[in-house]
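1. Predicted model, plus sequence, below.
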Amino acid sequence: MDIKVLKTEDQYEKALKRLEEIFHAPVDSIEGDEADLLSILIEKYENEHYPIDAPDPIEAIKFRMEQMNMTKKELAEIIGYKSRVSEIFSRKRKLNLKMIRKLHEKMNIPYESLIMNY
């Protein structure tokens, strides 16, 4: 097992291929340990070279609504009137601090996602 920090795309591709080969190795084996290390190195490389931006607040709300099987009517009960939900989704109205607090409290959406510019 000769594992090094991934610095090039070629090293990254080889690490992915090797991980695929040993992915189902037993946990307490040499290949299992190698798979754990490769996973960490691959994740680090991907975070540095292929970062994923956080969704804007509206997309975060829609995503969380989908996860919770929530309707717009139920969302209106959290942030105010149904017409306000439509205005927010059409981006005619911004979220205010009170709405952000309620969305965080009731839907467990991170503050960081709710305060981003959109």
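-> Nice, I can see it.

2. Please point out which parts of the top helix by length along the chain sit buried.
-> The longest helix of the chain (DSSP state H) is helix 30-49. Within helix 30-49, the residues scored as buried using 16 or more other CB atoms under 10 Å are Glu31, Glu34, Ala35, Leu38, Leu41, Ile42, Tyr45. Glycine gets a C-beta too; all of them are placed from N, C-alpha and C.

3. Same list (these) but as JSON lines, adding pLDDT and distance to Arg101.
-> Below are the buried residues of helix 30-49 laid out as JSON lines (pLDDT from 0 to 100; distance: CB to CB, whole Å):
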{"residue": "Glu31", "pLDDT": "94", "distance to Arg101": "49"}
{"residue": "Glu34", "pLDDT": "95", "distance to Arg101": "46"}
{"residue": "Ala35", "pLDDT": "95", "distance to Arg101": "42"}
{"residue": "Leu38", "pLDDT": "96", "distance to Arg101": "42"}
{"residue": "Leu41", "pLDDT": "97", "distance to Arg101": "39"}
{"residue": "Ile42", "pLDDT": "97", "distance to Arg101": "38"}
{"residue": "Tyr45", "pLDDT": "96", "distance to Arg101": "37"}
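
4. With distance to Pro55 as extra columns, can I get the residues you listed in CSV?
-> Output for the buried residues of helix 30-49, formatted as CSV (distance: CB to CB, whole Å):
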residue, distance to Pro55
Glu31, 37
Glu34, 34
Ala35, 30
Leu38, 29
Leu41, 27
Ile42, 23
Tyr45, 23
